[in-house]
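**Student:** Please work out how this folds:
(chains A and B)
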Protein chains: 2
Amino acid sequence: MTNHPVSDRLAHQLHFVRELDKLKGVLRRTSLIDRSRRENSAEHSWHLAMMALTFAEYAPPGTDLSRAIELLLVHDVVEIDADDTFAFDVAGNLDKLERETAAAERIFGLLPADVAREFRARWDEFEANETKEAQFANALDRFQALVLNDAAGDGGTWRAHGVSREAVLRRMAPIETGAPGLWPAALEAIARAFSASAASR
Amino acid sequence: MTNHPVSDRLAHQLHFVRELDKLKGVLRRTSLIDRSRRENSAEHSWHLAMMALTFAEYAPPGTDLSRAIELLLVHDVVEIDADDTFAFDVAGNLDKLERETAAAERIFGLLPADVAREFRARWDEFEANETKEAQFANALDRFQALVLNDAAGDGGTWRAHGVSREAVLRRMAPIETGAPGLWPAALEAIARAFSASAASR
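**Tutor:** Reported below is the predicted structural model:
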């Protein structure tokens, strides 16, 4: 053993890393493909980062893939405080930004200031959705829910919540911008969801 | 809607992405900090990638952080077929490499050959543990279990399985190589685990 003390800086970083564990308990509306349970936001973020590696070729030319992955890893951390807001929950989305901004202040604020600024910049970039990297990341975030719903064999979450095909198409539009090569697959999945939905009524 | 068909190439990539969903059902021996349940390998991989961003400054000089993150995202995918092998399970570790290699062949083999090669190279690099990036990634993989056990307030997994302090120190040695700046924190956590363990006997 040694007597080297853990620095105050490292202690703050460790606190943040322990805090991140809570994202594993934040549940999304989407279920796993086998429908055994709802997906949590930590494993969702991993799945998105893996999709970025898998679908790299569908990003707009010049996209910095590593940066897109960083945005995806960080984008849901605010849900530790603000919880997941269902995309089609109109009331919940009214104060979503306010709740999530307060969460970002607190959670990234656990870190030393320089590291906190880097994390906050990643989250801000994802939310602003202006850079190619953010647009690719946002496209994957939309597409992943679609892939899970589609593989589960029906309109899943949307049908349960009475979401219309038009609302889903609006929600998925960022895929066409941020990952245009995935758009045909998105359209096919939406078509399947709503034809299954219609058939089962 | 459009008539653009989904290419055969994209169909294979989608199959791989659906397959990845199964990693969310592979349970590790480690519990979440709140001890509500065991951690799964997908959320574990996300946690590791976030630790790479948080602890970047503790990587050996010249480490390519983005590459280390890629290795961490990919390193446990083989567990979809091979399951998680407890680090201190001697019998389970005898055929671990064989089981995991077969898993890598099948799972990465779902992808188009060029993308499959990229994923396989990431997994091989992590396993070989020779590059700085792999050593940093392996260090974080060890350190994360330590952080969770420590935060849960006792020797947790180790105590339950009768693992000795010496075996834990051997298991954690890659932290000293791959992320030397985290080693003091590792030693402190190990010391706490075994003093708590002794006190409760």
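**Student:** Next, count neighbours for A:Arg9.
**Tutor:** Using other Cβ atoms under 10 Å in any protein chain shown, A:Arg9 has 14 neighbouring residues. Bear in mind the C-beta positions are built from the backbone N, C-alpha and C, glycine included.
**Student:** and the closest residue in space to it that isn't next to it in sequence, what does it touch?
**Tutor:** Excluding the flanking residues, the one nearest A:Arg9 by Cβ to Cβ, 6 or more residues apart in numbering or on different chains is A:Pro112, at 5.2 Å. The contact partners of A:Pro112, by Cβ atoms under 8 Å, 6 or more residues apart in numbering or on different chains, come to A:9, A:12-13.
**Student:** How about A:Asp81?
**Tutor:** Applying Cβ under 8 Å, 6+ apart, we find A:Asp81 in contact with A:99, A:102-103, A:106-107.
**Student:** right, and the helix or strand after the strand or helix carrying it?
**Tutor:** For A:Asp81, the host element (DSSP states H and E) is helix A:79-82. Next helix or strand after helix A:79-82 toward the C-terminus (DSSP H and E): helix A:90-94.
**Student:** roughly how far out does that next one sit from the chain middle?
**Tutor:** In terms of Cα atoms, centre = their mean, to the nearest Å, the centre of helix A:90-94 is set 17 Å apart from its chain centre.
**Student:** CSV for the contacts of A:Pro112, including secondary structure and pLDDT?
**Tutor:** Output for the contacts of A:Pro112, formatted as CSV (DSSP: H, G, I helix; E, B strand; the rest coil; pLDDT from 0 to 100):
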residue, secondary structure, pLDDT
A:Arg9, helix, 97
A:His12, helix, 98
A:Gln13, helix, 98
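**Student:** quick one: which of those residues is nearest to A:Ala49?
**Tutor:** A:Gln13 (20.6 Å; Cβ to Cβ).
**Student:** ok, how many other residues are close to the residue nearest to that closest one when sequence neighbours are not counted?
**Tutor:** Take A:Gln13 and drop its neighbours on the chain: the residue closest to it by Cβ to Cβ, 6+ apart is B:Thr54, 5.3 Å away. For B:Thr54, the count of nearby residues is 21 (other Cβ under 10 Å).
**Student:** Alpha carbons of the helix ranked longest in chain A, in PDB - could you do that?
**Tutor:** Counting residues, the longest helix found in chain A (DSSP state H) is helix A:132-151. Extracted C-alpha coordinates of helix A:132-151, given in PDB (Å, rounded to 0.1, in the frame of the first residue of the first chain):
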ATOM      1  CA  LYS A 132     -22.800  18.000 -38.300                       C
ATOM      2  CA  GLU A 133     -21.700  16.000 -35.300                       C
ATOM      3  CA  ALA A 134     -24.800  17.000 -33.300                       C
ATOM      4  CA  GLN A 135     -27.100  16.400 -36.300                       C
ATOM      5  CA  PHE A 136     -25.700  12.900 -36.800                       C
ATOM      6  CA  ALA A 137     -26.000  12.200 -33.000                       C
ATOM      7  CA  ASN A 138     -29.500  13.500 -32.900                       C
ATOM      8  CA  ALA A 139     -30.400  11.400 -36.000                       C
ATOM      9  CA  LEU A 140     -29.100   8.300 -34.300                       C
ATOM     10  CA  ASP A 141     -31.000   9.100 -31.100                       C
ATOM     11  CA  ARG A 142     -34.300   9.200 -33.100                       C
ATOM     12  CA  PHE A 143     -33.400   6.200 -35.200                       C
ATOM     13  CA  GLN A 144     -32.600   3.900 -32.300                       C
ATOM     14  CA  ALA A 145     -36.100   4.100 -30.800                       C
ATOM     15  CA  LEU A 146     -37.400   3.300 -34.300                       C
ATOM     16  CA  VAL A 147     -35.100   0.300 -34.600                       C
ATOM     17  CA  LEU A 148     -36.200  -1.100 -31.200                       C
ATOM     18  CA  ASN A 149     -39.900  -0.500 -31.800                       C
ATOM     19  CA  ASP A 150     -39.600  -2.000 -35.300                       C
ATOM     20  CA  ALA A 151     -37.800  -5.100 -34.000                       C
END
